[in-house]
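Colleague: Just the structure for this:
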Amino acid sequence: MGAFAKYSLELKIKASNIIEALRLLNELHSDEMLLKHAQGGIYGGNEETLKKPVKERRWYSWVSNPEYPYLTLDEAFDNWNIVEENIISKYDENGDFIISGTYDNKIGQQKFFLEYMASVIEDLSISVKLEGYKIVTWTIKNNIFKELK
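Modeller: Modelled structure (predicted):
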């Protein structure tokens, strides 16, 4: 299930924040974070299901739990499907990571992702067109995420 969303973005993480960004991205897949925030997975279930490791029972919407910790921002952003078309991922002359592209698919947990990563993302504003023509704007200003309706 899930609603469709359409947006384009250019997201920037300064070189000085890349190590912290990778730490946060890997922390997202800890058992504690998955149990608290992941909206995909097997809920309830029998005893056999509950014996499985958390990473086999819970995941973020449209995101696979990585087998190993992310080593690069490209790898993490590819897995999180923040953008899916016209993707440009690069490091600029200052060593800052920039990813841009468009998204036109079922919405996953992009809002949660951006809110969680706001402390390392440079100022950003995205207008998201949701199914039914509702438009919301997600902003990050001074490392604080806001949703404007």
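Colleague: most centrally placed residue in the chain?
Modeller: In the chain, the residue lying closest to the centroid (CA atoms, centre = their mean) is F113, at 3.6 Å.
Colleague: would it count as being in a helix?
Modeller: Yes - counting by DSSP: H, G, I helix; E, B strand; the rest coil, F113 is found in a helix.
Colleague: residues contacting it?
Modeller: Going by CB atoms under 8 Å, 6 or more residues apart in numbering, F113 touches 28, 60, 80, 82. Every residue, glycine included, has its C-beta placed from N, CA and C.
Colleague: How many neighbouring residues does the first one have?
Modeller: Translated: L28. Neighbour count of L28, defined by other CB atoms under 10 Å: 22.
Colleague: and it, how far is that from E122?
Modeller: Using CB to CB, to the nearest Å, one obtains 20 Å as the distance from L28 to E122.
Colleague: now swap in the last one and tell me
Modeller: I82 sits at a distance of 15 Å from E122 (criterion: CB to CB).
Colleague: Which of these two has more residues huddled nearby?
Modeller: Between I82 and E122, counting by other CB under 10 Å, I82 is the more crowded of the two (22 against 15).
Colleague: nearest to K141, of the contacts of F113?
Modeller: I82 (18.6 Å; CB to CB).
Colleague: quick check, that closest one in a helix?
Modeller: No - assigned with three-state DSSP, I82 falls outside any helix and is coil.
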